[in-house]
Every structure is written in C-alpha cells, then in structure tokens.
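Asks: Pasting the sequence and the predicted coordinates here, then a few questions.
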Amino acid sequence: MVINQRVKASIEVVRHLAESAGKSPLTTKAFSQVTGLSISYLEVLCAQLRRAGFIDSVRGPGGGYVLSRSAEGINVLEIAQAFSTEKSEGDLPDYMGTDSEEAAPANALFERASIEMRSFLQRIRLSELLVQTESAPSGLVRAKPPSFQRESDRLTPSLD
C-alpha cells in the first residue's frame, strides 16, 4: 500500500468532518482555510470520498459536506484504500523490479511490511484520531522524530 499525499489529505478531510459532526456542514472553502489545500483539490478529494461512501454532500445555502458514517465505524485503512495507487489489495508491488531468486528476500520483507501496515491502519478508528488530536495545536498528530545516534558515538567517550 502506498501512502501518498492524497491519502493523507483525505484522512485529514474526513477527520475534520468527524470533529464537526452534529454541526453545520463544512464547505471546501472552510477546509481550504484549515488545511491550506486548494479548493479545487479539495473538491476532487470530496467527490472521491463521497463516491467511496465516507461523506455526504448537502446542497443549498448552508450546504457542504458531512460524515456519512460514525467516526467509530470508519477505520483509516478504508480511507487509505479508497485513494491507494495499488491495483488491488492482494497485488503487492515487486520492490526489486524482478521476481528473481536474488530479489526474493527483499520482496518478502516489503510484502510483510505492507501487510503489517494494513493491519495497523485497520486497527485505527477515525474516532481514535479525534482523541489523539484534541491536544495538538495544529490539529495534526506529529510524532517527534526519533533521535538517531551512531553506535560508535554512544560507545566512545567524549574527549572534550
């Protein structure tokens, strides 16, 4: 599974709709102001989210988009699959560009990573993203990057 910008943006749109559940529908203009994405790009995303059954459109004055299902009933994998570039769920890409015997270990590694990622995303409910983002100032969950240190730096005493 490929997690590209379109997948990330669609998850963000659905998350915003879940946050505003029970309130008035959100417009693409409001999404644009919150996310910084263009209105035309958001219209394309919303059309695809609507076709996939995640959101509904409300026409007329005060119209916009609303979540079509409860946040508890949507897992992140479902959203990602609606925007994935893979042909099908079981059709994993050949990461080494060949099916040769030499590429088999690397292909098996990436196949397992893809399966693990699917499993992880399937366990995450949209409602869990709402809980995680309540304290985040920007509305996005940003993990602190890990601190990488070379093994030799950790084991060698400083001469300073």
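Replies: Yep, that arrived. Numbering: from 1, shown residues only.

Asks: so how far is residue 76 from residue 2?
Replies: Counting by CB to CB, to the nearest Å, the gap from residue 2 to residue 76 is 14 Å. C-beta here means a position set from N, CA and C on the backbone, and glycine is covered the same way.

Asks: isn't residue 68 right next to residue 56, touching?
Replies: Yes. With contact defined as CB atoms under 8 Å, residue 68 counts as touching residue 56 (4.5 Å).

Asks: what do those two both touch?
Replies: Contact criterion CB atoms under 8 Å, 6 or more residues apart in numbering; residues shared by residue 68 and residue 56: none found.

Asks: picking that back up, settle it for me: which of residue 2 and residue 76 has more neighbours?
Replies: Between residue 2 and residue 76, residue 76 has the larger neighbour count (other CB atoms under 10 Å), namely 21 against 12.

Asks: Quick one: residues contacting residue 10.
Replies: 45, 48-49, 79, 82-83.

Asks: Among the residues you listed, name the buried ones.
Replies: Neighbour-count burial (16 or more other CB atoms under 10 Å) is assigned, among the contacts of residue 10, to 45, 49, 79, 82-83.

Asks: what's the closest of these to residue 18?
Replies: Nearest to residue 18, judged by CB to CB, of those is residue 79 at 11.1 Å.

Asks: tell me the contacts of that closest one?
Replies: 7, 10-11, 14, 49, 52, 54, 126.

Asks: can I get those in TSV with secondary structure and pLDDT?
Replies: As requested, the contacts of residue 79 are arranged in TSV below (DSSP: H, G, I helix; E, B strand; the rest coil; pLDDT from 0 to 100):
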residue	secondary structure	pLDDT
7	helix	89
10	helix	91
11	helix	91
14	helix	91
49	helix	94
52	coil	91
54	coil	93
126	helix	88
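
Asks: Can you lay out the residues you listed as CSV showing distance to residue 109?
Replies: Below are the contacts of residue 79 laid out as CSV (distance: CB to CB, whole Å):
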residue, distance to residue 109
7, 22
10, 28
11, 26
14, 31
49, 33
52, 30
54, 32
126, 30
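
Asks: Looking at the buried ones among the contacts of residue 10, which are in strands?
Replies: Using DSSP state E, no member of these sits in strands.
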